[in-house]
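A.B. asks: What shape does this take:
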Amino acid sequence: MNNLDADAIRQSLGELVSSRLAGFEAFPEIDSTNSYLMQQVAPAPGQVHVVMTDHQTKGRGRHGRTWRSPPGSGLCLSLAYTFERQPANLSALTLALGLGVIDALESLGVSGVQLKWPNDLVAADGKLGGILTETQARRSGEISVVTGVGLNVDLGGDLDVGGESDWARRVIDLAGFAGEVPRRDELAVRLIDCLGGTFLEYEAGGFGRFIHKWTGRDWLLGREVTIDSPQDQVTGIAAGVADDGALLVDTGAGACSRITSGSVVIADVRGAVE
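C.D. replies: Numbers count the residues shown, from 1 in each chain. Below is the predicted model of the structure:
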């Protein structure tokens, strides 16, 4: 698979994002695009700094898990964005960004991708990718976020879920799911445009601008789940998300628990128990 063409990608970005670029960098190899951006000076409010790579050597997921893929087999990119002030329900930003990834894929003709709360991209009940969002508060009241997206494009049969997941027994790539694989350059352009637009829309209206889209993308909806957290364990039927992005779990007898963090174990996924 060809290396990413950084110049072509940058020149193809839409005006909304290209006019707000504080930085745009591409590396043949890097430990982690998120780690790199977290070490850089945050962009000014309303601006975005983009970093992408052909290969991450120490890609990260939630709870310290690793994100592994062979060189050139996927797409790893991160965007840093600074909010002038902390938006309402910042914890739900990852959910909105997941919807932005789906918008990017659909614009390339890839349909049927769903989201597993809070940060996994799912296709045909397999893990297609993931999203990691990290925040940095600033003295001025501004808050900067770094969001990384990892997508499996064409793993060439090397489908090893490894330490990436606590729920999926298999991974899937766009080559196996969509048939015709989008060019990675074009995929990068669409992702950057859609994610940049999501940041701006979220700053304007928070998760309320996105929640109406969540139900149709909610892979957990109606499934029996168990949520493990350091404080508690909750079992019930996934019932969507609240206005602030919390996972709702129907535990029976009219009771509904709000989950803001924890690991999700699925009990009804055609042989995939966790």
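A.B. asks: where's S144, which helix or strand?
C.D. replies: Taking DSSP states H and E as the definition, S144 sits inside strand 143-152.
A.B. asks: Give the other helices and strands that that strand contacts.
C.D. replies: helix 33-38, strand 59-60, strand 74-83, helix 93-107, strand 126-137, helix 184-205 (3 or more CB pairs under 8 Å, 6 or more residues apart in numbering; DSSP states H and E). For the C-beta atoms, the positions are set from N, CA and C on the backbone; glycine is no exception.
A.B. asks: According to the record, where do the domains of this protein fall?
C.D. replies: 6-214, 221-266 (automatic domain parsing).
A.B. asks: taking the ones you listed together, which one is wrapped up most tightly?
C.D. replies: domain 6-214 (a mean of 19; mean count of other CB atoms under 10 Å).
A.B. asks: Endpoints of that one, how far apart?
C.D. replies: Distance between the two ends of domain 6-214: 32 Å, counting by CA to CA, to the nearest Å.
A.B. asks: What ranges in this protein fall below the confidence cut-off?
C.D. replies: 1-2, 58-72, 157-169, 268-274 (pLDDT under 70).
A.B. asks: which residues does the nearest residue to E224 once chain neighbours are set aside contact?
C.D. replies: Leaving aside its chain neighbours, E224 sits nearest to A267 (4.4 Å; criterion: CB to CB, 6 or more residues apart in numbering). Neighbouring residues of A267 by CB atoms under 8 Å, 6 or more residues apart in numbering: R223, E224, V225, T226, V273.
A.B. asks: Distance-wise, check A267 relative to T147.
C.D. replies: 30 Å (CB to CB, to the nearest Å).
A.B. asks: Same check on D103?
C.D. replies: Applying CB to CB to D103 and T147 gives a distance of 15 Å.
A.B. asks: can you confirm G208 is in a helix?
C.D. replies: Yes - the assignment for G208 is a helix, going by DSSP: H, G, I helix; E, B strand; the rest coil.
A.B. asks: And it, how close does it get to D244?
C.D. replies: 10 Å.
A.B. asks: Give me the common contacts of the two.
C.D. replies: A88.
A.B. asks: Centre-most residue in the chain?
C.D. replies: I131 (2.5 Å; CA atoms, centre = their mean).
A.B. asks: check contacts around I9.
C.D. replies: For I9, the contact set (CB under 8 Å, 6+ apart) comprises A26, M52, D185, A188, V189, I192.
A.B. asks: again, 7 Å this time
C.D. replies: Shown in contact with I9 (CB atoms under 7 Å, 6 or more residues apart in numbering): D185, A188, V189.
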